[in-house]
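Peer 1: Pasting the sequence and the predicted coordinates here, then a few questions.
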Amino acid sequence: MSKEQPAESVRAQVTHRYVSRTLPIMVGLVSFIGYAGLIGITTAFTPDTPAGRVVLVVLGTLLTAWLWVHARTRPRKIRLHLAGTAAAVSGACLAHELLPFAAIWQWSALLWLTLAISWVLRILVEESARDPQAGGPKAIAAADDPLQAVFALAARETQADPMTVRTTKAGLHKISGVLRLDPGEDAEQFLQNGGLATVESGANLPPGALNGAPSRTSRRELHIDLSDPTALDTPPRWPGPSRPGASIADPAHLGLFQTLDVCEVVIIDGNVALTGTTGAGKGFGGAWGWLGEAITRTDAAVFASDPAKDSQTLGVLAPALHVVEYTAQGGIALLNGINAEIPRRTKWLAERGYASWRQGCGLKYWIVWLEEFPKLVLEMSDEDWDAFKSTLKEIRSAGGRVFVSLQDLHHSEVDDIGVVKGQFGRMTFGMMTAAAAGRSLTDRQNSAELAPGSSPEDWKADFPGRALIDVNGLAAELATVPLHTWNWGETDAERYATMRAHVAEHTHTKTTPDDEFTARIVAAARARAAAPASDSNGHSHDDPRDERDKGTAADNSQADKALREAGIHPEPGDDDIDPRQPIVSSADPSITFPAPPPAKPKASPEQARRRMLETLCEWAEEGRTEIATADMRPIWEALGYSRPWAQKVAGRLYEDGLLRREGGVWILLPDRLVSERDRGLVDA
């Protein structure tokens, strides 16, 4: 089969090339003749009069403005040259007091002829000198509107119709703008059909240089970002903690996006699943990035578990963490202890007027980090798994966030992962297959057209630390932009040395004392380290789940006994400590409790309903779509009410059109819930 192009295609390309070169000459000559004719007509009817000069000034001004607008895709020096020449013609008409009118006419004609010829020459020189491999990006960089130049160049090279695009923000490493499609075209369809890839090819840009996200206000508009996708080929070095000494509620920096924008997230906004194949960077990039920021905040408590890699990932961080468990049973006991404390914390917060954890409320914010999550789940009983699912749902209101690290969100990793999958935001590192990447990415990421080379299956383990992130609070346009987590060093020795120095600076800087709930968890871990007795099922004899189910007083638990006992404060690094046992931070060896403010009276029915509404809004913003009445337990327990009260309030919200009932669950209607909450705040 012949690979030659059809004759008509070749003819069309030749015609396009010659027309593009001769058209400026034709336009220049026609413009000169037309302008000269207008001057002749003007001087014939208004010879040597102020009116004739005014007409010439107006004509010159209009021509100047027209040239300035229509030359916006040219480099600035050409644009200024063309508009300046036209402006000089108008300026000549103002010299009527020094020159006779006939001379002005001749000078004007000469200047316009110069404009036409110089315009033609500049365009021809630019066309002949343009190198298809380098001229395009150079012209783009010099253009007054870079995005307009990109799309104009692509249209010229692909013989396509030009598109309407304008630059809204031009930074050092990223250019942003808006692309407006023709009526009848859809922005999402444009992305799915590879529209941006076609523009990249036409403008000779590297794959992934253009990223787009549909506008939320118009189906015909796309928000466009132009950046250098090769910028992250050199991993960014860790610049130091972003806000040492601040609150955990303040944003943290995890790395750099492809646009070289800092990846800034708020750690307290929802649970997160980190996925990626072995060697993709979940540990040094993900765990060290999140926890390296968390240990610098004054009101955070980190509870961590790694039943597979021992101290390889978390060991260097251990002195700045509250608890680290290196056995599966220790990790399960830690989770059960956290689960037992959640209703106590929510009740404590409610008594002091807090619907959820807030900065300055008096409680440490809990970060629960679970490395090698599948191995932990493998050792869980059904009761343990049910308790963990409850923790995922309730920990936000109590003041905490759960991070799980695993290779794939698939039942082969965790048998019942589908039940909790929707509870997590995502941070996806390199994956081995497209199917695995699709399971790990969010719906928002899967529905977008990722640029070539920007998909996790393209990275595998070849680009450790490169990831896609989609968590609460992240701008939609950044969910599909690759990022690179911080590089802590070029070698393992350098990485560990950097982290050790960082941990040493923040091991003893906690200014907020541990609250009673945090202290009980720490004390229970110390008790397990001192006497790790367990039954045949692997559970501690004083299982915290029993404490929650039986409702026994806290001072009767093993943890409270440990609090009153002296000498159960092992220091990290002591020779007598078994490295396989939990390591407990010595940042605050003398456990103290903040003086709690006096309990507030029980909330009124209206206040309780408002808090119920606020919590439902928070759940909807986290991505939850449906809840059962039992899921409202943390709400009614925190407010001191009962299940019938929750059912009654839910029924009223249903009557008000804020919830929908399907089967045995309540369907959340986010827009209506948020609107009602905001209206209530305004009325208040």
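Peer 2: It's in.

Peer 1: what comes up buried for stretch 471-481?
Peer 2: Residues 471-472, 474, 477-481 are the ones in stretch 471-481 that count as buried (16 or more other C-beta atoms under 10 Å). C-beta: built from backbone N, CA, C; applies to glycine.

Peer 1: Adding pLDDT, distance to W636 and secondary structure as columns, could you present these in TSV?
Peer 2: Formatted as TSV, the buried residues of stretch 471-481 follow (pLDDT from 0 to 100; distance: C-beta to C-beta, whole Å; DSSP: H, G, I helix; E, B strand; the rest coil):
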residue	pLDDT	distance to W636	secondary structure
V471	93	29	coil
N472	88	25	coil
L474	86	32	coil
E477	78	39	helix
L478	87	37	helix
A479	90	35	coil
T480	88	40	coil
V481	88	42	coil
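
Peer 1: quick one: which of those is nearest L191?
Peer 2: Compare each of the buried residues of stretch 471-481 with L191 using C-beta to C-beta and the shortest gap goes to T480, at 9.6 Å.

Peer 1: quick one, what contacts the closest one?
Peer 2: 211, 213, 444-445, 448, 450, 454, 468 (C-beta atoms under 8 Å, 6 or more residues apart in numbering).

Peer 1: which non-adjacent residue is nearest it?
Peer 2: Distances taken as C-beta to C-beta, 6 or more residues apart in numbering put A448 closest to T480, at 4.5 Å, once the chain neighbours are dropped.

Peer 1: quick one: the one you found and A479 touch, right?
Peer 2: Yes - using C-beta atoms under 8 Å, A448 is in contact with A479, at 7.5 Å.

Peer 1: Isn't W666 up against A650?
Peer 2: Yes - W666 is within contact range of A650, at 5.8 Å (criterion: C-beta under 8 Å).

Peer 1: Any chance you could list residues touching both of these two?
Peer 2: Shared contacts of W666 and A650, counting by C-beta under 8 Å, 6+ apart, come down to 629, 659.

Peer 1: And these two? Which one has more around it.
Peer 2: Comparing W666 with A650 by neighbour count (other C-beta atoms under 10 Å), the higher total belongs to W666, at 23 against 19.

Peer 1: still on that earlier bit, min pLDDT across the contacts of T480, which one?
Peer 2: Within the set of those, pLDDT is lowest for L450 (75).

Peer 1: can you pull the contacts of that residue?
Peer 2: Counted by C-beta under 8 Å, 6+ apart, L450 has contacts T480.

Peer 1: do you know how far it is from R677?
Peer 2: Look at L450 and R677: by C-beta to C-beta, to the nearest Å, they are 35 Å apart.

Peer 1: excluding its backbone neighbours, what's nearest I332?
Peer 2: I332's closest residue in space is D384 (C-beta to C-beta, 6+ apart), at 5.4 Å.

Peer 1: ok, now K364?
Peer 2: K364 sits nearest to A301 (C-beta to C-beta, 6+ apart), 4.0 Å away.

Peer 1: Over to L392?
Peer 2: In space, and not counting its chain neighbours, L392 is closest to Q423: 4.6 Å by C-beta to C-beta, 6+ apart.

Peer 1: ok, the one you found - contacts?
Peer 2: 271, 392-393, 624.

Peer 1: okay, it: pLDDT?
Peer 2: pLDDT recorded at Q423 is 90.

Peer 1: now R564
Peer 2: Looking at R564, its pLDDT reads 45.

Peer 1: same check, this time on A350
Peer 2: 91.

Peer 1: Is it in a helix, a strand, or coil?
Peer 2: Using DSSP: H, G, I helix; E, B strand; the rest coil, the structure places A350 in helix.

Peer 1: how close does the nearest residue to it once chain neighbours are set aside get to L349?
Peer 2: Excluding its sequence neighbours, the residue lying closest to A350 (C-beta to C-beta, 6+ apart) is A638, at 3.8 Å. As judged by C-beta to C-beta, A638 and L349 stand 7 Å apart.

Peer 1: So these two - more neighbours on which side?
Peer 2: More crowded of A638 and L349, by other C-beta under 10 Å: A638, with 28 against 21.

Peer 1: Doesn't that one lie inside a helix?
Peer 2: Yes - assessed by three-state DSSP, A638 belongs to a helix.

Peer 1: quick one: contacts for it?
Peer 2: 343, 346-347, 349-350, 355, 397.

Peer 1: Grab the nearest non-local neighbour of A476.
Peer 2: In space, A476 is closest to A213, 5.4 Å off (C-beta to C-beta, 6+ apart).

Peer 1: Let me know the next secondary structure element after whichever strand or helix holds that neighbour.
Peer 2: Applying DSSP states H and E as the criterion places A213 in strand 210-214. With elements assigned by DSSP H and E, the helix or strand that comes after strand 210-214 is strand 221-227.

Peer 1: Restricting to C-alpha, output the next helix or strand after that following strand in CSV.
Peer 2: As assigned by DSSP H and E, the chain's next helix or strand after strand 221-227 is strand 252-257. Output of strand 252-257 as CSV, limited to C-alpha atoms (Å, rounded to 0.1, in the frame of the first residue of the first chain):
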residue,chain,number,x,y,z
ALA,A,252,0.9,21.6,54.8
HIS,A,253,3.2,21.3,51.8
LEU,A,254,3.7,17.8,50.3
GLY,A,255,5.7,18.6,47.1
LEU,A,256,5.4,20.3,43.8
PHE,A,257,2.9,19.9,41.0
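
Peer 1: need the strands for the stretch 251-400 of the chain, in chain order.
Peer 2: With DSSP state E, counting those that start in this stretch, the ranges of strands along the stretch 251-400 of the chain come out as 252-257, 262-265, 271-275, 300-305, 323-325, 365-370, 400-406.
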